[in-house]
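> this one's sequence-less:
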């Protein structure tokens, strides 16, 4: 039996962030990770012999406060600030996301006359709505009814209804003329989610930037926009995404955090007074009065908790949630890089290749891809996000070869006919390569090695339930005051000393580090004032 002040279950990036904050506060902390490496999708993985990358490609939403407060630069973390930030491939052209707004506007207007003004008006309206709602990514969110009650301006109320109650497709059809511009926003709003843009609440993904801006409004000054966590603002980490994990681990070790890899947890320990630690699969007890669970809530409630911990009804509700994941991974090693096709004439080809690329023709294309996956079929034109990390992180391969890392979506976890055997995985991977050639002509002839991974293999390798990287859909009803359940939203739970973190809590998935930071802040706040963490009796007591 080992005694600690806190046990963190799950060594993904959010678990590492939480542990680093707790270690800096002087707590004796142990991180317990089932896999043999830390970092989850952000951690290192050897896709090809001697070729190590992360599953994730970009930390565009990484919370700058995490980088600053944990002094990750002191542990070697460096970023390359790409410009442009993205190349988006349509069927007939390549759209380049420059940091120069005028260059972007010219491309928007080429897709539909006057589209840049309509696009900017939409973004400005979302920013105003975010400011009016006052939602902070750094605090547990209010419930939806409370949010709606905060608005008094009729225009704000109309936009709130369109975003929170309507669909992404409806919102963009009313405000934009080009389906392709809708595709640009749709790839942001619904990244990795198996939800069609015609479904209610699907525009909520467009509010994460406005919420981030509103959260940081009091921190910013002239020239300080990088403090806001926005996609594309953070830059690309030198050494690939695993450099973030390495820096977090180094900061934890510098403050006494102990890391146990290859150590699955079998059970959360608790008694009538609260959390008491964990039991590993090998039968070892790691005791502590504080446990932070930074794993998928379905796995947590199904496999690590019993009915007595937080109630049979809560447990049943959480374990009954469908994950609906659809991730597919490609890593290609090439002997040379093709030129990109269809770029605007003023584009530097080397700069274009050094940033992210995306494939998504339109909102209709996204709808078709999701609908096919929900029916158990793979898309004929897969939606993809990718990067050539060897351009910003030299040394990932020996010699002059390059790696192309691609995340493809809407590969159904349970196909309509058969499972993800080698033949199906190879066929879908080759289909993805064929689509990639629209941007990179001649790509297939340059490939010297490759690795394709279907959703079942990704689940097995990473522990991602049903290959869902966001630990559940990110729609309004499941985000505001309810992620992963109303009884356990907001990091704290009715079980004293037991906290939730990870992508399955507010503000959801992607590489932000915010759930880890917020969970650690809840723990430290309760240590200063235990009354802030009520017991079951306190929660049931009438106001």
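Cool, the structure landed. Since we're looking at a predicted model, the values are computed, not measured.
> Model confidence for the closest residue to residue 36 other than its chain neighbours, exactly?
Among residues not flanking residue 36 along the chain, residue 262 sits closest, at 4.6 Å (C-beta to C-beta, 6 or more residues apart in numbering). Using the backbone N, CA and C atoms, a C-beta is placed for each residue, glycine as well. pLDDT, residue 262: 97.
> Over to residue 214?
pLDDT, residue 214: 79.
> which residues touch it?
For residue 214, the contacting residues are 130, 131, 133, 134, 135, 136, by C-beta atoms under 8 Å, 6 or more residues apart in numbering.
> Just give the nearest non-adjacent residue to the last one, would you?
Put plainly, it is residue 136. In space, residue 136 is closest to residue 215, 4.7 Å off (C-beta to C-beta, 6+ apart).
> Would you check how far apart the one you found and residue 205 are?
16 Å (C-beta to C-beta, to the nearest Å).
> can you check residue 272 too?
Separation of residue 272 from residue 205 (C-beta to C-beta): 42 Å.
> More neighbours: the two, which one.
Set side by side, residue 272 and residue 205 show more neighbours around residue 205, with 24 against 8, by other C-beta atoms under 10 Å.
> Quick check: the more buried one touching residue 192?
No - the pair residue 205 and residue 192 fails to qualify as a contact (C-beta atoms under 8 Å) at a distance of 10.2 Å.
> Correct me if wrong: residue 477 contacts residue 145.
No - the criterion here is C-beta under 8 Å, and residue 477 misses it with residue 145 at 11.4 Å.
> quick revisit: contacting residues for the residue nearest to residue 36?
Listed by C-beta under 8 Å, 6+ apart, the contact set of residue 262 reads 33, 34, 35, 36.
> same check, this time on residue 249
16, 38, 259.
> Equivalent analysis for residue 27, please.
Here residue 27 is in contact with 4, 5, 6, 290 (criterion: C-beta under 8 Å, 6+ apart).
> out of the residues you listed, which is most surrounded?
Going by other C-beta under 10 Å, residue 6 tops these with 27 neighbours.
> How about that one, nearest residue that isn't a chain neighbour?
Spatial nearest neighbour of residue 6, excluding adjacent residues (C-beta to C-beta, 6+ apart): residue 290 at 4.2 Å.
> pretty sure residue 179 contacts residue 366?
No - look at residue 179 against residue 366 with C-beta under 8 Å: they stay out of range, at 9.9 Å.
> who has more neighbours, those two?
Under the criterion of other C-beta under 10 Å, the comparison of residue 179 against residue 366 puts residue 366 first, with 29 against 20.
> doesn't residue 198 make contact with the more buried one?
No - counting by C-beta under 8 Å, residue 366 does not reach residue 198; the two are 9.7 Å apart.
> Now residue 481: closest residue in space, sequence neighbours ignored.
residue 143 (3.6 Å).
> Burial check on the one you found, number of neighbours?
If we define neighbours as other C-beta under 10 Å, then residue 143 has 13 of them.
> wait, isn't it in contact with residue 479?
No - judged on C-beta under 8 Å, residue 143 makes no contact with residue 479 at a distance of 10.3 Å.
> How about stretch 256-270, which residues are buried there?
Across stretch 256-270, burial judged by 16 or more other C-beta atoms under 10 Å covers 257, 258, 259, 260, 263, 264, 265, 267, 268, 269, 270.
> In strands, which of the residues you listed fall?
Here DSSP state E is the test, and the buried residues of stretch 256-270 give 258, 259, 260, 265, 267, 268, 269, 270 as lying in strands.
> and the two most separated of the residues you listed?
259 and 270 (23.5 Å; C-beta to C-beta).
> separation between residue 426 and residue 404?
Residue 426 is 17 Å from residue 404, by C-beta to C-beta.
> These two: which is more packed in?
Just comparing residue 426 and residue 404: by other C-beta under 10 Å the higher neighbour count belongs to residue 404, 24 against 13.
> For the nearest residue to the more buried one once chain neighbours are set aside, which three-state class applies?
Nearest non-adjacent residue to residue 404, counting by C-beta to C-beta, 6+ apart: residue 332, 4.3 Å away. Following DSSP: H, G, I helix; E, B strand; the rest coil, residue 332 is assigned to strand.
> tell me the contacts of residue 332?
403, 404, 406, 433, 443, 447, 449, 450.
> Now the fifth one: closest residue in space that isn't a chain neighbour?
By the measure of C-beta to C-beta, 6+ apart, the closest residue to residue 443 outside its immediate chain neighbours is residue 437, 4.9 Å from it.
> Could you check how many residues crowd around that neighbour?
15.
> Next one: it relative to residue 287, how far apart?
Distance, residue 437 to residue 287, by C-beta to C-beta: 56 Å.
> do the same with residue 106
Residue 106 is 62 Å from residue 287, by C-beta to C-beta.
> Over to residue 17?
For residue 17, the distance to residue 287 - C-beta to C-beta - is 23 Å.
> Helices of the stretch 51-200 of the chain, start to end?
64-69, 101-111, 115-133, 144-149, 154-160, 168-175, 179-189 (DSSP state H, counting those that start in this stretch).
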